[in-house]
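Peer 1: Can you look at this prediction? I've put the sequence above it.
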Amino acid sequence: MFIYLIKNKINHKVYVGKATSKSRLTQHSAALRRNKHENAKLQADFLEYGDDAFEIHFLERNLTPETVEKSEMKWIYLFDSINPLKGYNILYGAKKIDYDKNPLIKKTPVYAVYRDWE
């Protein structure tokens, strides 16, 4: 299992995700090219900027099922990718949080709720 980052080289927004195999990255690419990606903001920017504006980075590899969720949440927090000005994530891992409708998220970072990353 691993954590990956999809980065828009033009506006510098990022998407952090987790996967068990590289086929998840292929799924992202295929959905974006077909205009069928589940993340509307990522899809809109892909249509606007094109395939060449995006790059993929591996942030962590060889994670276990016990550590992958915590690791994903850590990276989402570190990149602040739940913030629509900085990223495309709409979830902290498996937890959906509406950044615009939840003023506490701006004041209560995820580490305050989920302290045991290490």
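Peer 2: Looks like it came in fine. Residues are numbered from 1 along each chain as shown.
Peer 1: The residue nearest to the spatial centre of the chain bridge partners, please.
Peer 2: When the chain is reduced to its mean C-alpha position, the closest residue under C-alpha atoms, centre = their mean turns out to be residue 16, at 2.4 Å. Here residue 16 sits in beta bridges with residue 5, as judged by DSSP bridges.
Peer 1: Verify the contact between it and residue 81 for me.
Peer 2: Yes. With contact defined as C-beta atoms under 8 Å, residue 16 reaches residue 81; the gap is 5.2 Å. Yep, even glycine has a C-beta here, placed from its N, CA and C like the rest.
Peer 1: who touches both of these two?
Peer 2: Taking C-beta atoms under 8 Å, 6 or more residues apart in numbering as the contact definition, residue 16 and residue 81 share the neighbouring residues 75, 87, 89.
Peer 1: Now for the residues you listed, which sits with the most neighbours around it?
Peer 2: Greatest neighbour count in those, by other C-beta atoms under 10 Å, goes to residue 89: 27 neighbours.
Peer 1: hey, where'd the helices end up in this structure?
Peer 2: Applying DSSP state H to the chain gives helices spanning 23-33, 40-49, 65-79, 103-107, 110-113.
Peer 1: Rounded mean pLDDT for the shortest one, please.
Peer 2: When pLDDT is averaged over helix 110-113, the result is 43.
Peer 1: on that earlier part again, distance check, the residue nearest to the centre of the chain against residue 40.
Peer 2: With distances taken as C-beta to C-beta, to the nearest Å, residue 16 is found 17 Å from residue 40.
Peer 1: Also residue 72?
Peer 2: Look at residue 72 and residue 40: by C-beta to C-beta, they are 20 Å apart.
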